[in-house]
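**Student:** okay, predicted coordinates and the sequence, questions at the end:
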Amino acid sequence: MRWPCDNTFVRDLGWLGVRVDPVPVRAPELLALDDGLAVELGLDPEELRSPEGVAVLAGNAIADGCEPIAQAYAGHQFGHLSPMLGDGRAHLLGEVVDTHGRRRDIALKGSGRTPFSRGGDGRAALGPVLREVLVSEFMHAVGVPTTRALAAVATGEQVLRERPLPGAVLTRVAASHLRIGTLVLVASQGSREQLAAVVEHARARHHPDVPPRDPMALLSAVVERQAALVAQWMSLGFIHGVMNTDNMTLSGETIDYGPCAFLDAYDPETFFSSVDTGGRYRYSAQPTMATWGLARLAECLIPLAEGEADDLVTQAQERLEAFTPAYEQHRLDLLRRKLGLSRAVAEDTGLVEDLLQVAAAEALDFTGLFRDLARVLREEPTPTLDRIQDLPRWQIWQDRWRTRLHGEGKDPAASAAIMDETNPVHIPRNHLVEEALAVAHTGNLAPFEQLLEALRSPFDEREEWGRYAEPADPDFTRGYITYCGT
Ligand SMILES: Nc1ncnc2c1ncn2[C@@H]1O[C@H](COP(=O)(O)OP(=O)(O)OP(=O)(O)O)[C@@H](O)[C@H]1O
Ligand SMILES: [Mg+2]
């Protein structure tokens, strides 16, 4: 089998990794394949489904054109620098140019030990692999920049975690796997030339509008992408869970769906990750934590910029400070749209914040809330809003909102239609994901497949998908814990 690869990372930056093949698995079995994505990548889905194709997706065979490499990177984990991490369980197979003309990495995750594995087994368990498929495909469907899942393959082997679990390999597609942590590694351990080479590779690949040799402009470009990205996360109630600098991309795509989760009832202080004991990466802290990671990026870029050291620090500071207004603008634009509004008016910030205060006070389901607002306009039943106790307060908010909508001169049906294209009816609700994964462990993939199908049509309200729109039992959410790297 031949893949139409053009491997610029290996060619230009091969020293930033180790050429190593995936470790074969005992009995590969294809669990999921995204045919549409395969075609976009210039790969034949039928060929990928054949035993030869599944062998490639399991890491048991290397397609012609691929040059597997484990990339090196560092990262600040929960604020502390890990000077060397790298792909301890992943292999970049190669790069292709997709049908849109975009360069895409194709990589395996859970594909065996590499020189970066430290004490790890190089493997991934079935549950986290399927979780990454569900969440990343949903994120793509709602228009969030994200790595994607081309395939999942069961290995026929067990991985030992707290208990033995079935193993799996994910085929992940990304604009690249260059992380802030990639630059952290080269800035601390490489030469100035090496740093300049990686920065130029990232610029040309992800930010071609930025002029070469202008590291401060590159910083601004990454700041802008991350501000837009985190605003999208917030508008969906997405909690990444592990925003370490090794999990923040230079492309602005979401990466690493290890311990992620979604808000059920709106509470900005929510976090679920077992290792995030202090709530560092809680929902409300995500913009601040993105800026923190971007400040680490700035530290890597300053040495490449020309000028007086003090001046450069001031310049970098100013560019980092642009994050907050950019983020707030993106978030307000998204929330305005979620409310069916098209025009920007000064009082919108207050309108949005007051709605979120009601949502917090009444513990309203974040996803159901916005979906219900369109139903208000259509005078349909509103199961989430019906929970509201403080009706006078709610009436005041509704009147303000309706006045704003009226001021735009649109009829309510048109506003409701915009809202239904903006506010997903189903998201990868934590309880649904866990339920699908638990059944997948018994060998039954049907609930996973059904949920995946619904998540690929997140705005499409269908009777048979009604269960996916229902909120979790609050007891489930209270006890919910996510795990990374399992
Ligand atoms: N089972 C494992 N064996 C070897 N290394 C591992 C294992 N699990 C995680 N690691 C390594 O630990 C580090 C942090 O893991 P983290 O969970 O952030 O990343 P990941 O989920 O493995 O990969 P990615 O960020 O590419 O999605 C990475 O260097 C990763 O390769
Ligand atoms: Mg990671």
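**Tutor:** Received it, and whenever you're ready, just let me know what you need. Ligands and ions are numbered 1, 2, ... in the order given.

**Student:** show me where the stretch 251-400 of the chain has helices.
**Tutor:** Assigned by DSSP state H, counting those that start in this stretch, the helices in the stretch 251-400 of the chain fall at 286-301, 309-321, 323-338, 348-361, 366-378, 391-407.

**Student:** which of the ones you listed sits closest to ligand 2?
**Tutor:** helix 286-301 (12.7 Å; Cβ to the ion). For glycine as for every other residue, the C-beta is placed from the backbone atoms N, C-alpha and C.

**Student:** who's in contact with D256?
**Tutor:** By Cβ atoms under 8 Å, 6 or more residues apart in numbering, the residues touching D256 are 240, 242, 247, 484.

**Student:** tell me which residues in the helix or strand bottoming out on mean pLDDT in the chain are buried?
**Tutor:** Ranking every helix and strand in the chain by mean pLDDT, DSSP states H and E puts helix 474-478 at the bottom, with a mean of 91. Neighbour-count burial for helix 474-478 flags T477 (criterion: 16 or more other Cβ atoms under 10 Å).

**Student:** would you turn the helices of the stretch 251-400 of the chain into TSV with mean pLDDT, distance to ligand 1 and mean neighbour count?
**Tutor:** Shown next, in TSV, are the helices of the stretch 251-400 of the chain (pLDDT from 0 to 100; distance: least, Cβ to the nearest ligand atom, whole Å; neighbours: other Cβ atoms under 10 Å):
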stretch	mean pLDDT	distance to ligand 1	mean neighbour count
helix 286-301	98	13	21
helix 309-321	97	23	14
helix 323-338	98	22	18
helix 348-361	98	30	16
helix 366-378	98	25	22
helix 391-407	97	40	14
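
**Student:** wait, which of the ones you listed is closest to R467?
**Tutor:** R467 lies closest, by Cβ to Cβ, to one member of these: helix 366-378, at 13.1 Å.

**Student:** next to ligand 2, which bits of the stretch 201-350 of the chain? Give me the list.
**Tutor:** 247, 256 (Cβ under 5 Å from the ion).

**Student:** tell me what the least confident helix or strand of the chain is packed against?
**Tutor:** Packing partners of helix 474-478 (3 or more Cβ pairs under 8 Å, 6 or more residues apart in numbering; DSSP states H and E): helix 430-441.

**Student:** would you mind measuring from the spatially most central residue of the chain to ligand 1?
**Tutor:** For the chain, T254 is the residue whose C-alpha lies nearest the centre (Cα atoms, centre = their mean; 3.0 Å). Counting by Cβ to the nearest ligand atom, to the nearest Å, the gap from T254 to ligand 1 is 10 Å.

**Student:** spell out which parts of the chain neighbour ligand 1.
**Tutor:** 85-90, 109, 116-117, 120-123, 242, 246-247, 255-256, 258, 484-485 (Cβ under 6 Å from any ligand atom).

**Student:** need the buried ones from the residues you listed selected in ChimeraX.
**Tutor:** To isolate the buried ones among the residues of the chain next to ligand 1 in ChimeraX, judged by 16+ other Cβ under 10 Å, type:
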select :85,86,87,88,89,90,109,116,117,121,122,123,242,246,247,255,256,258,484
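
**Student:** so which of the residues of the chain next to ligand 1 belong to helices?
**Tutor:** Nothing among the residues of the chain next to ligand 1 maps onto helices, per DSSP state H.

**Student:** inside strands: which ones of the residues of the chain next to ligand 1?
**Tutor:** Of the residues of the chain next to ligand 1, the ones assigned to strands by DSSP state E are 90, 109.

**Student:** now the residue in the stretch 151-300 of the chain positioned nearest to ligand 2: how far from P4?
**Tutor:** Among all residues of the stretch 151-300 of the chain, D256 sits closest to ligand 2, at 3.9 Å; criterion: Cβ to the ion. Going from D256 to P4 by Cβ to Cβ, to the nearest Å gives 27 Å.

**Student:** cool, and S117?
**Tutor:** On the measure of Cβ to Cβ, S117 and P4 end up 30 Å apart.

**Student:** before we move on, what about E379?
**Tutor:** 54 Å.

**Student:** higher neighbour count, the two?
**Tutor:** Taking other Cβ atoms under 10 Å, E379 and P4 do not tie; P4 has more neighbours (14 against 9).

**Student:** ok, now which ones touch the closest residue to A298 other than its chain neighbours?
**Tutor:** Excluding the flanking residues, the one nearest A298 by Cβ to Cβ, 6 or more residues apart in numbering is A316, at 4.2 Å. Counting by Cβ under 8 Å, 6+ apart, A316 makes contact with 216, 219, 298, 301-302.

**Student:** what does Y480 give?
**Tutor:** So Y480 contacts 261, 272, 430-431, 434 (Cβ under 8 Å, 6+ apart).

**Student:** quick check: the two most widely separated of the contacts of D256?
**Tutor:** H240 and C484 (10.4 Å).

**Student:** show me where the stretch 51-200 of the chain has its strands.
**Tutor:** Taking DSSP state E, counting those that start in this stretch as the test, the strands found in the stretch 51-200 of the chain are 69-71, 75-77, 80-82, 90-97, 103-109, 124-125, 148-160, 164-174.

**Student:** nearest to S235 among those would be which one?
**Tutor:** The nearest among these, by Cβ to Cβ, is strand 148-160 at 20.1 Å.

**Student:** list the buried residues of the closest one.
**Tutor:** Neighbour-count burial for strand 148-160 [16+ other Cβ under 10 Å]: 148-155, 159.

**Student:** so which elements touch it?
**Tutor:** Partner elements for strand 148-160 (3+ Cβ pairs under 8 Å, 6+ apart): strand 29-33, helix 35-40, helix 51-58, helix 126-141, strand 164-174.

**Student:** and that strand with strand 103-109, angle?
**Tutor:** Orientation check (axes from the mean of the first three to the mean of the last three Cα atoms, to 10 degrees): strand 148-160 against strand 103-109 gives 10 degrees.

**Student:** strand 148-160 pairs with which strands, and in what direction?
**Tutor:** strand 29-33 (antiparallel), strand 164-174 (antiparallel) (DSSP bridges).
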